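>>> Have a look at this prediction, sequence included:
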Amino acid sequence: MFEDSTFESAHRIRTRSRGWGLAAFVFNSAILAALIAIPLIYPEALPAHWMSTLITAPPPPPAQTRPVPQQARAEFHGRPEFNGINLTIPQRIPTSIRNFDGPEREPAGGPISLGPSVGIPGCDPFPCGTYKPPTVVHEEPKGPIVISKGVAEGMVLQRIIPRYPPIAVATRTQGTVILQAVITKNGTIDQLQIVSGSPMLQQAALDAVSHWRYRPYLLNGQPVDVETTINVVFTLNQ
């Protein structure tokens, strides 16, 4: 020992302290690991009062209820802007709506009557009780209104069959005569004119159509004169 402490031994003296220290460290680590692992693998190995302490969770804290804030109800202490008849314009733009807690007051002048004799208060620009709705006046059209041939066909009340001219029968003449006419407010034929057709058949068509009668054509509920075309067809029996 004296040689190791004072002189260099040139590694001639050997010791086993390093191997024993490593073995002791491994042994102690194994014991510590076993102490930690046994309760985890076998929980029943722990004492009962420790198990209840570890398993039982503490109760949750009681929920705190927040008090509901009560809104302060603003009482109305001013003058109402509407008294039943007149509306007072505010001096400035209000920032909130004012509430009136008291009972509603009866408007000045008593209750409002909607009767025809009293009228409505403040019915400007017309005097109360004398207002009449405006009368709508429809201007009559200038000249007859042109309607289609199909509309005129549905208005016929009395139709006279034209007489076939003998010369047309002898010559075997057939065809359609187109006439232009004005149907008056009374439903009679006026201003009857020939548009086209065979000269042999034109007069027979004029004589027959001049006696036709129509239902008056109504515009805005009033009868008016209308202008249309009338087709008269002449056909020989084979």
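Good, I have the coordinates.
>>> Give me the below-cutoff pLDDT ranges for the chain.
The chain contains residues with pLDDT under 70 at 1-17, 39, 42-58, 68-85, 87, 90, 94, 98-132, 138, 238.
>>> now the strands for it?
145-146, 156-158, 175-183, 189-196, 213-214, 217-219, 222-224, 226-234 (DSSP state E).
>>> CSV for these, including mean neighbour count and distance to F25?
Any C-beta I mention is one placed from the backbone N, CA and C, and that applies to glycine too. Formatted as CSV, the strands of the chain follow (neighbours: other CB atoms under 10 Å; distance: least, CB to CB, whole Å):
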stretch, mean neighbour count, distance to F25
strand 145-146, 12, 123
strand 156-158, 11, 128
strand 175-183, 19, 129
strand 189-196, 13, 132
strand 213-214, 18, 129
strand 217-219, 15, 121
strand 222-224, 14, 124
strand 226-234, 18, 125
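>>> Please name whichever of those is nearest to P166.
Closest approach to P166 among the strands of the chain is made by strand 226-234 (12.8 Å; CB to CB).
>>> What strands flank that closest one, and is each parallel or antiparallel?
strand 145-146 (parallel), strand 175-183 (antiparallel) (DSSP bridges).
>>> would you turn those into TSV with distance to P62?
Shown next, in TSV, are the strands paired with strand 226-234 (distance: least, CB to CB, whole Å):
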stretch	distance to P62
strand 145-146	90
strand 175-183	97
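>>> show me the contacts for R172.
L236 (CB atoms under 8 Å, 6 or more residues apart in numbering).
>>> And it, how close does it get to N237?
11 Å (CB to CB, to the nearest Å).
>>> Now do the helices in the protein.
In the chain, the helices defined using DSSP state H lie at 2-6, 17-41, 48-55, 149-154, 166-170, 199-209.
>>> Could you say which of these is packed most deeply?
Of all the helices of the chain, helix 199-209 has the most neighbours on average by mean count of other CB atoms under 10 Å, namely a mean of 17.
>>> Is L219 in contact with E139, as I believe?
No - counting by CB atoms under 8 Å, L219 stays clear of E139, with 10.7 Å between them.
>>> could I get the helices of the chain as TSV with distance to V226?
As requested, the helices of the chain are exported to TSV (distance: least, CB to CB, whole Å):
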stretch	distance to V226
helix 2-6	146
helix 17-41	109
helix 48-55	104
helix 149-154	8
helix 166-170	31
helix 199-209	15
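>>> quick one, which of these is nearest to T228?
Between the helices of the chain, helix 149-154 lies closest to T228; by CB to CB that is 4.0 Å.
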